[in-house]
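Novice: Got a sequence here, can you model it:
(chains A and B)
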Amino acid sequence: MRLIAENLSARRGEDLIFQGVSFALSGGESLVLTGKNGSGKSTLLRVVAGLLRPESGTVTWQADTGDKGMRAAEACHYLGHRNAMKAELSVHENLTFWQQFFGHSPQGKSLSVDEAADAVGLGDITHLPFGYLSAGQQRRMAFAKLLVSFRPVWILDEPTAALDVSAERVFTGLIESHLRNGGILIAATHQPLGLKNAQELKMAGFAGIAEEVW
Amino acid sequence: MAALLLRDLKLSVRAGGGALIGVLFFITVVAVIPFGVGPDLNLLSRIGPAIVWIGALLSALLGLDRMFQTEREDGSLDLMLMQEHPLVLTVLVKCLAHWIGNGLPLVIASPLLGLFMNMDEVAIGATMLTLLVGTPALTFIGAVGAAVAVTLPRGGLLVSILVLPLAVPVLIFGVSASYAAVEDPAPFLPPFLILVAITMFFAVLGPLGAALALRNADD
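Specialist: Numbers count the residues shown, from 1 in each chain, chains lettered A, B, ... in the order given. Here you go, the predicted model:
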């Protein structure tokens, strides 16, 4: 399986944020986006996840098994700045909902809700409403959402924001085991995730100014 | 999809869900009418079905803007857009959940308000039946407005203004069917069937339009 991005460029309003971004990732590979604030890391991730229309270029997903017409977004888990969990529902209800809504993927193995909560180190507080948790705990639970249903590609936007050092280690461990199982990772981050042999893409930002589109 | 329906129903009855707010608003609006109009029982029973319908329409508009906005604020909408199930189906299920949470309580509360308005039992029954058939159309129309205004921070009033003109036919045929049930010469079935047709029409068009608007709402 391969995730291929060809010649992507994206625009926000009038500004061309980046252009000519191409990469190809196959199972077990990871890509880390770095660059200063506003350099277009999040925008690139949203384009890959199919949430923003690229100005030019395509993102394609080649699965191992049949299923040619699959959109790239359907193979992806996206963890953005926001956690996509409801503060009024308990953690268990949140995770159960997403597990059922994501559906079962035939390829990889998915954890049960309790196993996923254990994996992020918060197995004993799943009965609490999500809104009661601290910011770091909420982030961990949002990460547990990636584990309850298998998707080959993980797209993580600042996954370690609001986390302490030990939680970062837990995340790195989970990401490494995802990569060992043939998964693909694309992450935007300021802190180094401590991944071995990750490709790095430096985002320069504001291509429009250099290109003089005005 | 059953999971989504269940989750939205749970959310609508928990804190901030707004299911009860709609009913309370409905009861408040209709309950003050007799105080304003005065104790003329004949007049009250004559305007009763119209007042109950207008009250239901206004309360149905009340919770609409939160339909997709809460999902967008916490990032759930992004994940819903990425899934392989068609977005139209997701929107349809959200509409159904919204109607069960916000529309059905209005239908259930309407007989009580019929008593406030001195309506006889036939008129109460007819109003309840037309509300049962007509309020889903309000939700489906409202879904389009809610989807269009999803990126606007305070889109509540805008949604109401967008939705109201499209909701007027529902009001007209709902009220005329309710009147036809009590006033002799007018036939009940034609306006009632048109109301059914409007609901079915918007059950198809509403989710389609809302899904299209959500896809293009990328910020």
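
Novice: For whatever residue of chain B ends up closest to chain A, which non-adjacent residue is closest in space?
Specialist: Nearest residue of chain B to chain A, counting by Cβ to the nearest Cβ: B:Gly75, 3.1 Å away. Using the backbone N, CA and C atoms, a C-beta is placed for each residue, glycine as well. Spatial nearest neighbour of B:Gly75, chain neighbours left out: A:Arg82 (3.1 Å); criterion: Cβ to Cβ, 6 or more residues apart in numbering or on different chains.

Novice: What about the one you found, how many residues nearby?
Specialist: Each residue near A:Arg82 was counted by other Cβ atoms under 10 Å in any protein chain shown, and the total is 15.

Novice: Mind listing what's buried along the longest helix anywhere in chain A?
Specialist: Ranked by number of residues, the top helix in chain A under DSSP state H is helix A:165-180. Buried residues in helix A:165-180, counted by 16 or more other Cβ atoms under 10 Å in any protein chain shown: A:Ala167, A:Glu168, A:Val170, A:Phe171, A:Thr172, A:Leu174, A:Ile175, A:Glu176, A:His178, A:Leu179.

Novice: counting contacts, what elements does the helix or strand following that helix pack onto?
Specialist: The element immediately downstream of helix A:165-180 (helix or strand, assigned by DSSP states H and E) is strand A:184-188. The contact analysis (3 or more Cβ pairs under 8 Å, 6 or more residues apart in numbering or on different chains; DSSP states H and E) places strand A:184-188 against strand A:15-26, strand A:30-34, helix A:41-48, strand A:153-157, helix A:165-180.

Novice: out of these, nearest to B:Val88?
Specialist: Of all the helices and strands packed on strand A:184-188, it is helix A:41-48 that lies closest to B:Val88, at 22.2 Å by Cβ to Cβ.

Novice: what separates that closest one from the chain centre, distance-wise?
Specialist: 10 Å (Cα atoms, centre = their mean, to the nearest Å).

Novice: Buried residues in whichever helix or strand comes after that helix, which are they?
Specialist: As assigned by DSSP H and E, the chain's next helix or strand after helix A:41-48 is strand A:56-62. Neighbour-count burial for strand A:56-62, counted by 16+ other Cβ under 10 Å, picks out A:Gly57, A:Val59, A:Trp61.

Novice: With stretch A:144-162 instead?
Specialist: Under 16+ other Cβ under 10 Å, the buried positions of stretch A:144-162 are A:144-160.

Novice: what's the first-to-last distance across it?
Specialist: One end of stretch A:144-162 sits 15 Å from the other (Cα to Cα, to the nearest Å).

Novice: Over to stretch A:35-44?
Specialist: Stretch A:35-44 end-to-end distance (Cα to Cα) = 12 Å.

Novice: Do it and chain B come into contact?
Specialist: No. Shown here: stretch A:35-44 not in contact with chain B (Cβ under 8 Å from any Cβ of the partner chain), separated by at least 10.5 Å.

Novice: quick one: that stretch to chain centroid distance?
Specialist: Worked out by Cα atoms, centre = their mean, stretch A:35-44 lies 14 Å from the chain centre.

Novice: Rounded mean pLDDT for that stretch, please.
Specialist: The pLDDT scores in stretch A:35-44 average 85.

Novice: Go through it and flag the buried ones.
Specialist: A:Gly35, A:Ser39, A:Gly40, A:Lys41, A:Ser42, A:Thr43, A:Leu44.

Novice: Test my guess that the last one contacts A:Ala187.
Specialist: To tie it back to what came earlier, the one meant is A:Leu44. No. Using Cβ atoms under 8 Å, A:Leu44 makes no contact with A:Ala187, being 11.2 Å away.

Novice: Could you tell me which residues touch both of those two?
Specialist: A:Leu33 (Cβ atoms under 8 Å, 6 or more residues apart in numbering or on different chains).

Novice: Who are the contact partners of the residue nearest to A:Leu193 when sequence neighbours are not counted?
Specialist: Leaving out its chain neighbours, the residue that sits closest to A:Leu193 by Cβ to Cβ, 6+ apart is A:Thr172, at 5.7 Å. The contact partners of A:Thr172, taken as Cβ under 8 Å, 6+ apart, are A:Leu193, A:Gly194, A:Leu195.

Novice: my guess is A:His178 contacts A:Trp154, does it?
Specialist: Yes. Between A:His178 and A:Trp154 there is a contact at 6.2 Å, judged by Cβ under 8 Å.

Novice: Am I right that B:Thr151 is in a helix?
Specialist: No. Assessed with DSSP: H, G, I helix; E, B strand; the rest coil, B:Thr151 is coil; it does not lie in a helix.

Novice: burial measure for it, as a count.
Specialist: Close neighbours of B:Thr151, defined as other Cβ under 10 Å, add up to 15.

Novice: my guess is it meets B:Ala213, correct?
Specialist: No. B:Thr151 lies out of contact with B:Ala213 (Cβ under 8 Å); the separation is 9.9 Å.

Novice: I appreciate the help and will end here.
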